[in-house]
Structure formats: structure tokens, C-alpha cells
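Asks: next come a sequence and a model predicted from it.
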Amino acid sequence: MPDILIVEDSATQAEKLAAILERAGYVITVAHNGEAAFDAFVKSSFDAVISDIVMPGISGYELCRRIKAEATGTNVPVILLSTLNEAMDIIRGLECGADNFLIKPCSPDLLLARLSSILENRIVRAARRAKLGVEIAFLGQRFTIDSDREQILDLLISTFEDTVRANRELQHNRAELAEAKAVLEEYAATLEEKVRDRTEELVAAGAAMQAEIAVRRQAEAELREARAFLDLVIENIPATVIVKEASSLNIVLVNAAAEKALELPREQIIGKNSHDLLPSEIAERIIDRDRQALCTEGATTIPEEIMQRSGRPARHVRTRLAPVSGDDGKPKYLIIIAENVTEVRNLEQQLRQAQKLEAIGQLTGGIAHDFNNLLGIMLGNLDLLSEQLEPGSDQGELAKEAITAAGRGTELIQRMLAFARKQPLHPRAFDMNSVATGMESLLRRTLGEDIDLLVAPADDLWPVIADPSQVEDAILNLAVNARDAMPKGGHLVIETAAVRLDNSYAAQNAEITPGDYVMIAVTDSGTGMPPEIVDRIFEPFFTTKEAGRGTGLGLSMVYGFAKQSGGHLKVYSEVGHGTTIKLYLPRGTGPSDIAESEKEGAAAPTGTETICVVEDNEALRRVTVRILMELGYTVLEAENGPAAVGLLDASGKMDLLLTDIVMPKGMSGYDLAEIARTKRPDLKILFMSGYSETFVRQLDLAGPPAHFISKPCRQQDLARKLRIVLDDASP
């Protein structure tokens, strides 16, 4: 059988060609590039060469040229294979001496027929081979054709065969197309009639559909409007609204109040469950509560829960839970509405404290009234008895001591009546600054040399309506208590101010009537008091002093006097940092009222900067944040210094730090300010404190603050102070 050399760089194509020819009985040798093929040809004899044209190294054209240049290759037919089908490829094949040309892919039958024909013709013509030296021009180029006439004839015949085959296929395709066209025309006629009928139906249906679409669009618009209204209502409900999927208890809906309560944006809440958002002990309790609510028909109300997260103040929460059933009657969702009642509980506590003091006052007043009558009888009889005794006699001395003791009892009764708000007062309009400065020399003698006293009267102070003598007693009582809280000496500041207690302040403090007040504040740098002591300091006979050093009626008298005068007392104390007691008395009338009214009528200045509020008192922080947001500011908040440092590191824009001075976690407002100045040198800083500005500057702790505002502060005062600090060119 003939030996065939296959030259193909594609192993797959080479294997395919070899398989076709081997099945036909040919002996096959495969080379994967031109150099290897030429070496094989030189070393062995082959009856035909089938070669790819495009190969690495030398091409099929070059391989053909080399084979034909060999003495043994003159009569060996070379068939070129290529995916190329340009006429130029045939010219190049003739130019290099190729015997035939096949387009890839070619059918096995065509390949075998072409190879058999070429081999048979080659045997017949081998004896009479003649050379042609024809020079031709094709597509603007000139080529010299050395192939013999039979070779050219074979190529032309094979090309003609390809054309005939293509023509037959074309004729067959045309016949099929003509037949298909007739069928299509028949279908088209039928379809056209059906289309006309269907078009009429569609036009009628379209009109009906347009009417239905109009109705549906109207319904959808109304539904969108209703949904938008419902979303707006849910979003603005002041209570926390959370909807959970019943089976997994994953959250599917929250409102703005829920974002604030969880301190996360809603994209970090949706799809999560309690374990993802809360400490494990709280999460387990909430999951048990939710599952019980899902098993209960109707709504479940939990009057009050205490939520305590690490490092956060405890919150009192009232919760209602209501399951929502699906079409199958089983719970599908759980609606949770939680209301923070911490402020309500604080106000209730204040009210209970006020009611307790009121009840004690009524009891004390009744006892004092009756005891006063008894003392009157005793003093009258003692006076009569002393007139009948010899001066200097033992009986006379006994009567004198009894009269002195009864007099002290009368003073005690007067203090009790003062707490019960039943002492006789003689209110009038006077200048508080005159009273405060007039007592300075008396206070210096009373306090001693270890106490550094500063009296700081305010400019343009309003007149005050009260009993001046009772005001003097109150100042003296407060100063003496402050002295006793500083056994090793310290600083004492007495200052006055004109203040306006607004509705926001009144909402957080029971028994306060919003309005204008004259304040006198007594601030010490003493030991301070814990909250449980602050809650009791105005109770009669309650004292933290050693036995024999006080009756426990001094602050009770001040409290009773303030309430009887229509005023208010506020205590601000931190253990280890001292105490401020502020006495607010009603404002009198005077020329300054007109100017202040004009000032009050002006709109509070607003802003768009970013402010970080640092305050450990949650209720006060919440009010401050709300005020700043109403003024247009972007607000960040932190409950202590370390949390604020985290915001300094993590947050982007920050224009001003509004920080309390005395805070927990071992970091004061001054410490925080130093860190802030290091991290953000251009950051503006405004300090706030329940201590007075004068007292803070007197202490000179770590350098006096550049900007300061006293707590509590009104919205307009805070707004003005913020603009002063923010508009200041210096950091």
C-alpha cells in the first residue's frame, strides 16, 4: 500500500487524517512541523505528502518547494491543506510545485477520492513529465509556474469538481427553497387572513385593556400613596418599631427610632437577629420573649424591662408585641413596638422625691406649729417665773438656762417652718449682687483661711423678688456646708447669673415653671456626693456630718425657702470633684427686661458643621443632641472619653468637640481635649459643666478652657456660644 506523509502541527487534526487514511489501507507517517517532515522525506520514500500550509517554522509552501527540489521528490505528489480559500493560495501552491489543494475541513470521501485520483494519474504520467516555465501576473503580482501540464490540469479538474459539487448543492438548495417558498406563500395567505381576524380581536381587547390599565394605574397610584403615607408614619413614630420574620426571628423592617436605639444604620440591622446585634444574655432573653409572644393570641404587653448594655446607662423600656398571621393562619411576622420610658421614670422619681419632701414638710409643719405653741407656753411661764426669783440665785440660773434652751428650740422650729414653707416671708425686689458682695467679709471670717473664696457677680443682673434676709441665710447655709465638705481647705465660688429655664429644662425637672430666674450658685472643690446622698440632702434632720456638728436642717431650710419663694434648687455633684448648688429665684421687673425681651425674640443662630457631643448623662446627652440637630448641625455622640477618642480616629469630618469636664472611665474633658488637639489640631473645643465657669477657671485644672458654657443651658445660649466658637479663627 502507498506510504503517505502527513504534516500537521495540530495533533488532533493529524490524528484525524491518519485515522481516515489508515482505515483506507494507507501506511501513515506523521510529522508535526516542516523541518521534521523534510528530514523524514529525505530519509524515507513516500508516495504522497499531505501538508498543512500554516505551521511554525517553515510553511507548507516552503516544505513543498524543498521536496520538489529533491531528485526523489519530483514525482511525489504534494497536497496542501489549509483553512484559507483565497485564489492567491492556489497560485502560491502552483508556484511552489504543489500537486493539489484541499480546503479544511474536507470530508473523508473527498480526501480519499482526491488522493486516489492523484496517485493513479501520477503513475500514468510519470513517464512523460514535462516542465513548464510559465510566468503569469495575478492580482498585480508576477509568478513563475514550474508545474507540468498534468499537474495544472489535476488542480483545475479538482477545483472544477469542487465547483460542480458546490453547484449541485446550490441547485438542490434552490429547489428546496422554491418548495419552501410555495409552502410559505400558502401559509402567508392563511396567516394574513388570521392576522386580520386576530388584529380586530386585539384592537377590541386592547381598548378593554387600556381601560383596565387606567383603572389599575389609578389603584397602584393610590396604593403607592398609601404605602408612602404608611412608611412616613412608621418612620416618624417616636417609639422603636421592629418587625421580625416569625420562623427565624430575623429583622425585616425597622424605623428611624430603632436605628437610634440600636446605634446602627438599618442596612446593618435588616436580616440580622438578636444574637447578631446584642450581648448574648440580652439576646437570649429577647428571643424567649419573642417566641412566647408568637404563641399568644393577640398583643402582649411588657410594662417595663431594664436594658443594660456594657458601658451604657440602663434604659427602662415598655414593649408591645403582636404576631401577624399569614393566609394559613400561622404567625408570619412579629411586630415589636418599644418605648424608652427612662425619662418618664426619672421624672416619676423626681416627683416622688418632691412628694416625699412635701409630705415631710406637711408633717414637719404640723409638728412645728404645735411645738411652737408649747414653746410659747413654756417661754411665757419661764419669763414669769424668772421675774419672781432672786437674780443670781440658783433657781434664777436654772430658769435662765431653761429660757435659753427654749429660745434655741424656737430657732429650730423656725427652720422646720421654713422647710414646711410656712415661715413668714417679706419678699421685695432687690439686687442679688449687692447681697452676695455684701456678705463677702462675713463669709471670709466664717470659712477660715484654708478656703479660697471668690465672689463673682454677673453684669446686668435682673432684680430678684424674694426675702433678702432669707437669701442671706441661704447663702450662709450653703457656704458653711461647702466648708464642711473641704476639711483640708479648697476653693469656694459664689456667683450670680440671669438665666431662663425653658420648656425643655422644665420637662426634665419636676415642679419647674419655665421663665426668667436670677441664679446664685455656690460651688466647692470638696469631696462631692454620690447620687444616693444627693437624693436625700434636703430631707429634714438628714446629715452626713459627725454627731453634734449639725442639725440637718440647713439645706432643708434653703429648700423650703426656694419653693416658698417660687424658685428652684439644683444640685450638681461628682465624688472627688466637688459640688455646685444653684438657687433659682423669680426675676423681678426692671429696665433690663425690654432689652432681654428683644434679645430673646431673635432667632437662634444655626449651622451645618459636624459636632461631637461627649456627655456621660444619657438624658442630658440626648437633649443636647436633639437641640443641635434642630439647629441644623450634624451630630456625633459619645458617652465618655474613650468612646470619643474612637470617634476621633474613625469619623471623617468633625468641626467642634462639645465635651463635659468631669466624666467616668478615667478620662476628663481636659484629657480628651489634649488628645483631640493632638489628633486634630484644627478642631474647635467647647467645654460644658454643671460647675460654674468662674469656679472652673478658679481651679485652673490643666489650663483654663478657652470656651465654656454652664449646664443646664438654653437652646439660644448654646446656639450663640457655638457660633462664637466655630466662627473664631483660632482652633
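Replies: Happy to help now that I have it.

Asks: so Lys181 sits in a helix?
Replies: Yes. Looking at Lys181 with DSSP: H, G, I helix; E, B strand; the rest coil, it is inside a helix.

Asks: what's the neighbour count on it?
Replies: Counted by other C-beta atoms under 10 Å, the residues lying close to Lys181 total 11. Heads up, the C-betas are built off the backbone N, CA and C, glycines and all.

Asks: now swap in the one 3 residues further on and tell me
Replies: Burial measure for Leu184: 12 neighbouring residues, criterion other C-beta under 10 Å.

Asks: okay, now Val518: neighbour count?
Replies: By other C-beta under 10 Å, the residues close to Val518 number 27.

Asks: quick check: it is in a helix.
Replies: No. The assignment for Val518, made by three-state DSSP, is strand rather than a helix.

Asks: surely it and Pro457 touch.
Replies: No. With contact defined as C-beta atoms under 8 Å, Val518 does not reach Pro457; the gap is 11.2 Å.

Asks: so what sits against both of the two?
Replies: 432, 496 (C-beta atoms under 8 Å, 6 or more residues apart in numbering).

Asks: and the residue nearest to Glu637 when sequence neighbours are not counted, helix, strand or coil?
Replies: Excluding the flanking residues, the one nearest Glu637 by C-beta to C-beta, 6 or more residues apart in numbering is Val613, at 4.8 Å. Of the three states, Val613 takes strand according to three-state DSSP.

Asks: counting neighbours, what do you get for Val613?
Replies: 24.

Asks: now for it: which residues touch it?
Replies: The contact partners of Val613, taken as C-beta under 8 Å, 6+ apart, are 621, 624-625, 628, 635-638, 658-659.

Asks: quick check: beta-bridge partners of it?
Replies: With DSSP bridges as the criterion, Val613 is bridged to Glu637, Leu658.

Asks: in which helix or strand would I find Tyr670?
Replies: helix 669-679 (DSSP states H and E).

Asks: Lys721 too?
Replies: Short version, using DSSP H and E: Lys721 is in helix 715-727.

Asks: distance from that helix to the middle of the chain?
Replies: 27 Å (C-alpha atoms, centre = their mean, to the nearest Å).

Asks: try stretch 281-293
Replies: Using C-alpha atoms, centre = their mean, the offset of stretch 281-293 from its chain centre is 25 Å.

Asks: next, count neighbours for Arg318.
Replies: Neighbours of Arg318 using other C-beta under 10 Å come to 16.

Asks: same check on Thr437?
Replies: So Thr437, with other C-beta under 10 Å, has 15 neighbours.

Asks: apart from its chain neighbours, what residue comes closest to the residue nearest in space to the middle of the chain?
Replies: Nearest to the geometric centre of the chain sits Pro265, at 4.1 Å (C-alpha atoms, centre = their mean). The shortest distance from Pro265 to any non-neighbouring residue, by C-beta to C-beta, 6+ apart, is to Glu259 (6.2 Å).

Asks: my guess is the one you found contacts Ile269, does it?
Replies: Yes. Between Glu259 and Ile269 there is a contact at 7.0 Å, judged by C-beta under 8 Å.

Asks: quick one, domains of the protein?
Replies: Following automatic domain parsing, the chain resolves into domains at 3-147, 240-340, 345-413, 428-593, 603-727.

Asks: list the contacts for Ala256?
Replies: Ala256 sits in contact with 235-236, where contact means C-beta under 8 Å, 6+ apart.

Asks: mind giving me the packing neighbours of the helix or strand harbouring Ser116?
Replies: Here Ser116 sits within helix 108-125, counting by DSSP H and E. Contacts defined by 3 or more C-beta pairs under 8 Å, 6 or more residues apart in numbering; DSSP states H and E place helix 108-125 against helix 11-23, strand 48-52, strand 78-82, strand 100-103, helix 149-236.

Asks: what's the burial count for Ser247?
Replies: What Ser247 shows, counting by other C-beta under 10 Å, is a neighbour count of 10.

Asks: please read the previous query as pertaining to Thr527.
Replies: Residues near Thr527, counting by other C-beta under 10 Å: 18.

Asks: Ala14 too?
Replies: 19.

Asks: once you drop chain neighbours, what's closest to it?
Replies: Using C-beta to C-beta, 6+ apart, the nearest residue to Ala14 is Glu8, at 3.8 Å.

Asks: quick check: the one you found touching Val30?
Replies: Yes. Taking contacts as C-beta under 8 Å, Glu8 lies within contact range of Val30: 7.2 Å.

Asks: hang on, the earlier thing: pull the number of nearby residues for the residue nearest to Ala14.
Replies: The number of residues packed around Glu8, counting by other C-beta under 10 Å, is 24.

Asks: before we move on, what about Thr301?
Replies: Using other C-beta under 10 Å: Thr301 sits among 12 other residues.
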